[in-house]
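Asker: Structure here, sequence nowhere to be found:
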C-alpha cells in the first residue's frame, strides 16, 4: 500500500536511485551537479546577523546532509531532518566520513513531532518550501518552524520564487498560479510568501 504522506513527489525513490548510483545527495541525481547549490547559505553564514557558531541549527529537509555538514564545519550544533529514510542514511554516512557529529532524524517537516521539545537558534530551509504546493501545508510547516525557534531565532530560506525575471515557460509552470504543470513544485510570488511568513509570526 503506498504511503499517503508522500503527497507530491516521492523523494525517497529518488534518494534510493542516488544511493544505488553511488551518489551522496540531491545534486548527484544529474551528471553535472550544481556547484553553487550552497553559495547563498555560505554568504548568509558569513554575514552580520547570522547566529554565532555554537548556536543550535536545524537543517530542514536535509537530504544527504550537505548543508548540515557546512553548518557543523562552522561550529554549529546541528540537527538534520528529512522525510526520506534513505536521505538520512546518506547524511549519516557523509557526516561520518567528514568526521562530524550530527543529530540526523527521519521525520515530517509539517509538524516536526520527531524533534520533540527541541529548540533552535537557526532553521535552514535549503529548497524545501517550494516542494509544499498548497498554502495549507506551507502554513503548517511555517508554524512548526516558528514553534521550534527560540525567541529571536532566525529562519533562512532559499526557495524557488516567481520574481520579476522568472520565465514560466522555461520551467513549464502555469504563469498565473506558479504551479509546475507536473504538480510537484510551486514558484511562489514574494508578496504571497511574505504574507504567509507574517501569518506564522515571522518578521521578514
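Answerer: That came in fine, so what should we check first? Since this is a predicted model, take the numbers as computed values, not measurements.
Asker: What residues of the top strand by length along the chain count as buried?
Answerer: Counting residues, the longest strand found in the chain (DSSP state E) is strand 149-158. Under the neighbour-count criterion of 16 or more other CB atoms under 10 Å, strand 149-158 has 149, 153, 154, 155, 156, 157, 158 buried. The way it works is simple: take the backbone N, C-alpha and C, and place the C-beta from them, glycine included.
Asker: Show me the contact partners of that strand.
Answerer: 40-41, 44, 49-51, 119-129, 145-146, 197, 202 (CB atoms under 8 Å, 6 or more residues apart in numbering).
Asker: Of the residues you listed, keep whichever come out buried.
Answerer: 41, 44, 50-51, 120-129, 145, 197, 202.
Asker: ranges for the helices of the chain?
Answerer: 11-20, 39-46, 66-73, 85-98, 135-148, 190-199 (DSSP state H).
Asker: Figure out which of those is closest to residue 182.
Answerer: With CB to CB as the criterion, residue 182 lies closest to helix 11-20 of those, at 13.8 Å.
Asker: tell me the angle the closest one makes with helix 85-98.
Answerer: Per axes from the mean of the first three to the mean of the last three CA atoms, to 10 degrees, the angle that helix 11-20 makes with helix 85-98 is 40 degrees.
Asker: Without its sequence neighbours, what residue ends up closest to residue 17?
Answerer: Leaving aside its chain neighbours, residue 17 sits nearest to residue 29 (7.0 Å; criterion: CB to CB, 6 or more residues apart in numbering).
Asker: residues in contact with the one you found?
Answerer: Residue 29 neighbours (CB under 8 Å, 6+ apart): 14, 17, 18, 23.
Asker: Now residue 23. Nearest residue, chain neighbours left out?
Answerer: residue 29 (6.9 Å).
Asker: any idea how far that neighbour is from residue 176?
Answerer: Noted for residue 29: a distance of 29 Å to residue 176, by CB to CB, to the nearest Å.
Asker: and if you look at residue 138?
Answerer: 18 Å.
Asker: Show the end-to-end separation of stretch 44-64, please.
Answerer: End-to-end distance for stretch 44-64: 21 Å, by CA to CA, to the nearest Å.
Asker: Low-confidence ranges, this protein, go.
Answerer: Residue ranges of the chain with pLDDT under 70: 1-8, 33, 35.
Asker: If we use 50, what do you get?
Answerer: 1-5 (pLDDT under 50).
Asker: tell me the contacts of residue 127?
Answerer: Residue 127 neighbours (CB under 8 Å, 6+ apart): 26, 61, 158, 159, 160.
Asker: likewise residue 125?
Answerer: Residue 125 touches 60, 61, 145, 155, 156, 157, 158, 159, counting by CB under 8 Å, 6+ apart.
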